[in-house]
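>>> mind folding the following:
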Amino acid sequence: QAREVGIKLLAEMCRALGSKAPLQSIVDKLKSSQQSQLDSLLDAQPSVSIPSRRLRCKMGEPVSTQSPEEALAALKKSQEEDVARRLAARPVVNLFQVLPQ
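Below is the predicted model of the structure:
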């Protein structure tokens, strides 16, 4: 039963990532019967499942399904905003006073 759940989890990760390519090293280690089971799961349901459970902090927000590309773009944008916010929060340094004459 644990093996069955593992294959289902692997299939869901492949769906979320858009293909098996990012997890190819793991897929290559599977037995041929497990690979065919994974392929049949992906063929039966090619799109990502909507989560049935939600984090407590996300309970009031509507469920949104983003494509992997949109999720990656949103993550990169949030990282860039975080870097800009940390840069703006740094104290100003007068280089003429800090560096020796």
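>>> alpha carbons only for contacts and neighbour counts from here, please
Noted.
>>> okay, now the unreliable bits of the protein?
51, 54-55, 57-59, 61-66, 101 (pLDDT under 70).
>>> would you state the strands of it in chain order?
Taking DSSP state E to define them, one finds no strands in the chain.
>>> tell me where it has helices.
Using DSSP state H, the helices of the chain run over residues 2-17, 24-28, 32-44, 68-89, 95-98.
>>> tell me which of those lies nearest to residue 60.
The closest of these to residue 60 is helix 68-89. By Cα to Cα, the value is 19.8 Å.
>>> can you list contacts of the closest one?
16-18 (Cα atoms under 8 Å, 6 or more residues apart in numbering).
>>> including distance to residue 71 and neighbour count, could those residues go into TSV?
Rendered in TSV, the data for these read as follows (distance: Cα to Cα, whole Å; neighbours: other Cα atoms under 10 Å):
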residue	distance to residue 71	neighbour count
16	10	17
17	10	16
18	12	16
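>>> got those residues as JSON lines, with distance to residue 79 columns?
Output for the contacts of helix 68-89, formatted as JSON lines (distance: Cα to Cα, whole Å):
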{"residue": "16", "distance to residue 79": "21"}
{"residue": "17", "distance to residue 79": "20"}
{"residue": "18", "distance to residue 79": "22"}
